[in-house]
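*Asks:* test case, fold it:
(2 chains)
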Amino acid sequence: MSDFLDILTNPSFWVAVLRIATPLIVGTLGVLLCERAGVLNLGIEGIMVAGAFTGWLAVYAGAPLWGGVLVAALTGAVLGLLHAFLTVVLALSQHVSGLGITLLATALSYYGYRVSFPKVSTPPTITPFQEMGWLGLPILSQQTPLTLLALVAVPVVAYMLYRTPVGLAVRMVGENPQAAEGQGVSVVAVRTGAIVLGSALMGVAGSFLTLSAFNAFFFNMVNGRGWICVALVVFASWRPGKALLGALLFAFFDALQLRLQQSGAAVLPYQMYLMLPYVLSILALVLVARRASYPQALMKPYRKGER
Amino acid sequence: MRLEKRQHSSALAMVLAPIGAVAFTLLVSTLLVLWAGAPVGQTYALLAQGAYGSVFALSETLTRAIPLMLTGLAATVAFKAKLFNIGAEGQLYVGAMAAVAVGGMHGGAGWDLPPALLFVLMLLAAALAGALLLLGPALMKARLGVDEVVTTLLLNFIVLLLVSLMLDGPMKDPTAMGWPQSVALRGELELSKLIPQTRLHTGLLGAVALAVALWALMKYTVLGFDIRALGANPRAAAFSGVPVTRTVVMVALLSGGLAGLAGAIEVAGRTSYLTLDMSPGYGYSGIVIAMLAALHPLAVVVASVFVAGMLVGADSMSRAVGVPTFIADVIVAASLISVLVATLLTQYRVRWR
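*Replies:* Purely as a prediction, here's the structure:
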């Protein structure tokens, strides 16, 4: 028990929590934007891989770090545009299109990496974002600017969704596209915009891995983080503030299991601790299911004039 | 632009759609081959040769196609009923675990039963394990409205950790020198080879038989009708007397069971023990295959031979001309997307304004 307290009172633990949470926060906001507009985006897993790869490649080729983030966002936006074309314009199955994009984006990224670096044994590295020591705040000054960006993005997305006409349009097409169309809102345009923007965020979430958390690109480095974001959105009842909370909670358990393993205080096999965040996610989904306020038109393709 | 439902099927669209789909896929992959600086014609020739060009190549492709067929069928039956089972990967692994538990525990000897009986028990245990793993999310969907996409996805991670746990503990092979693999199945439980000197095993016959069985079930039984009705329109199905919860449960048992069998047949036919890298995403590929096959059980057989051929062919092609093997996944993804679009265009026409 004292081991447990030692872990929780150590500031470096909380630094780790925030670091682990960063890509989850950004990715979850991305999924949230898409789903608020009524479109599931299972492409996130692959879009994060693609963002991680292209962002890193740009910096490796000489671009500044923020240039890399921009490239990752653009990569995400392009893949989002493809998803929007398939699911909004053509109204194809959102599950299948998303999984197809994950497969395509992952394979293209790995292919691009292998073509660019055919014979490397150790992955080439870049100089990643540095800690913001100048900030002079506990925990936060040991994070990189991308974490700050993630934290700022939460109120920005919330403000956009709830306080602007654009946000209202996004929520309308996600709840009742027929009514939105009746009000003169173009369902296709708004959904496409939301997916492109959300996918750009997913690309940035991926770039955090290669430009901040690590300094190189590895295969399997996203490792299911995208799927976690899909779960976190449900857990958060599609609200940005709760999404932040959910990401922090998930990161808390992830960091905790790491520390328990290292401290030797682990009584149970380490896999049990690793399972904990996933098991808790499922439990949380069951608990929130009753009062979950799904966007009413989520996963319902919309074709003008068709019911 | 907008889409308008075709009143009559157009012969032109029926001919052009598949040609367009193939052309798009070839365009994408050709650009990638050019990027890698390899000779295009030779690359494709080597890819086809490595996939289907010799008895050995074909045997490797068919061996790889067996688990894909089964996970493809698992996705087909679930997606047909709009139960979006993304958890076939986890169901495959619990099936493999159950197979090892029945046929390999007790120092690798299995239980002391006649091999034929033990073999049946092993397959049943695997199917049951996979079925039960999907039953949870299916019931949570039917009863509580919990989204099955997320729960089945999350269960994949939990199962992989469980496998890792088993390989560290109860199922660990003590003679493997720390290599993370389980005890092996009893020798008599392994599937025999279809062609000597290759890895192709009789699991292929089982998988094809299951495809035919599923096709017959969907076409000729009441359950099959209920599944199709539920997938077409859940509300109308419930209104016309389809027992919704019971059908969802049956679909979950079928889909999870097929994926669980994929795990058992991989263990019994190819690896003979359980490892953490036994499946390179067969569960996820199954969804792609089901969609390529337009959710038709017999077409799943063809689609899985195509996908397996790309994977196997890319391996040998890559060794020869240095184009990364990941091109196989790009080809599969591009063909999935183009087939989806092409199918849509045979049903809808595009109106520019």
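*Asks:* so the residue nearest to B:Pro243 when sequence neighbours are not counted is in which element?
*Replies:* Counting by Cβ to Cβ, 6 or more residues apart in numbering or on different chains, B:Pro243 lies nearest to B:Asp226, which is 7.1 Å off, once chain neighbours are set aside. Backbone N, C-alpha and C define where each C-beta goes, glycine included. Element membership for B:Asp226, per DSSP states H and E: helix B:222-232.
*Asks:* using PDB, write out every CA atom in that helix.
*Replies:* Written as PDB, here are the backbone C-alpha positions of helix B:222-232 (Å, rounded to 0.1, in the frame of the first residue of the first chain):
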ATOM      1  CA  VAL B 222     -35.800 -20.100 -41.100                       C
ATOM      2  CA  LEU B 223     -32.800 -18.900 -39.100                       C
ATOM      3  CA  GLY B 224     -31.100 -17.700 -42.300                       C
ATOM      4  CA  PHE B 225     -34.300 -15.800 -43.200                       C
ATOM      5  CA  ASP B 226     -34.400 -14.200 -39.800                       C
ATOM      6  CA  ILE B 227     -30.800 -13.200 -40.000                       C
ATOM      7  CA  ARG B 228     -31.300 -11.600 -43.400                       C
ATOM      8  CA  ALA B 229     -34.500  -9.900 -42.200                       C
ATOM      9  CA  LEU B 230     -32.800  -8.500 -39.200                       C
ATOM     10  CA  GLY B 231     -30.000  -7.100 -41.200                       C
ATOM     11  CA  ALA B 232     -32.300  -5.600 -43.800                       C
END
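*Asks:* show me what the host helix or strand of A:Phe250 is packed up against.
*Replies:* In this structure, A:Phe250 is located in helix A:240-263 according to DSSP H and E. Packed against helix A:240-263 by the contact rule (3 or more Cβ pairs under 8 Å, 6 or more residues apart in numbering or on different chains; DSSP states H and E) you find helix A:2-9, helix A:11-36, helix A:145-163, helix A:225-235, helix A:270-289.
*Asks:* against which helices or strands is the following helix or strand past the third one packed?
*Replies:* I take that to be helix A:145-163. Remark: after helix A:145-163, the chain's next helix or strand is helix A:165-175, criterion DSSP H and E. On a contact count with 3+ Cβ pairs under 8 Å, 6+ apart, helix A:165-175 meets helix A:11-36, helix A:145-163, helix A:177-182, helix A:187-208.
*Asks:* just the angle for helix A:165-175 relative to helix A:145-163, thanks.
*Replies:* Interaxial angle of helix A:165-175 relative to helix A:145-163 (axes from the mean of the first three to the mean of the last three Cα atoms, to 10 degrees): 80 degrees.
*Asks:* now the closest residue to A:Leu197 other than its chain neighbours: how far from chain B?
*Replies:* Sequence neighbours aside, A:Leu33 is the residue nearest to A:Leu197 in space, at 5.8 Å (criterion: Cβ to Cβ, 6+ apart). As for A:Leu33, its distance to chain B is 17 Å (criterion: Cβ to the nearest Cβ, to the nearest Å).
*Asks:* next one: A:Ala63
*Replies:* Taking Cβ to the nearest Cβ, one finds A:Ala63 at 20 Å from chain B.
*Asks:* residues touching the closest residue to that residue other than its chain neighbours, list them.
*Replies:* Take A:Ala63 and drop its neighbours on the chain: the residue closest to it by Cβ to Cβ, 6+ apart is A:Val71, 6.9 Å away. Counting by Cβ atoms under 8 Å, 6 or more residues apart in numbering or on different chains, A:Val71 makes contact with A:Thr54, A:Gly55, A:Leu57, A:Ala58, A:Ala63, A:Ser207.
*Asks:* show the low-confidence segments of the chain, by residue range.
*Replies:* All of this is about chain A. When residues are selected by pLDDT under 70, those of chain A lie in A:1-2, A:264-266, A:290-293, A:304-307.
*Asks:* let me rephrase: I mean chain B.
*Replies:* By pLDDT under 70, the low-scoring segments of chain B are B:1, B:106-110, B:353.
*Asks:* strands of that one, residue ranges please.
*Replies:* B:2-5, B:348-351 (DSSP state E).
*Asks:* show me the one of the ones you listed that comes nearest B:Val100.
*Replies:* Among the strands of chain B, strand B:348-351 comes nearest to B:Val100, with 48.4 Å by Cβ to Cβ.
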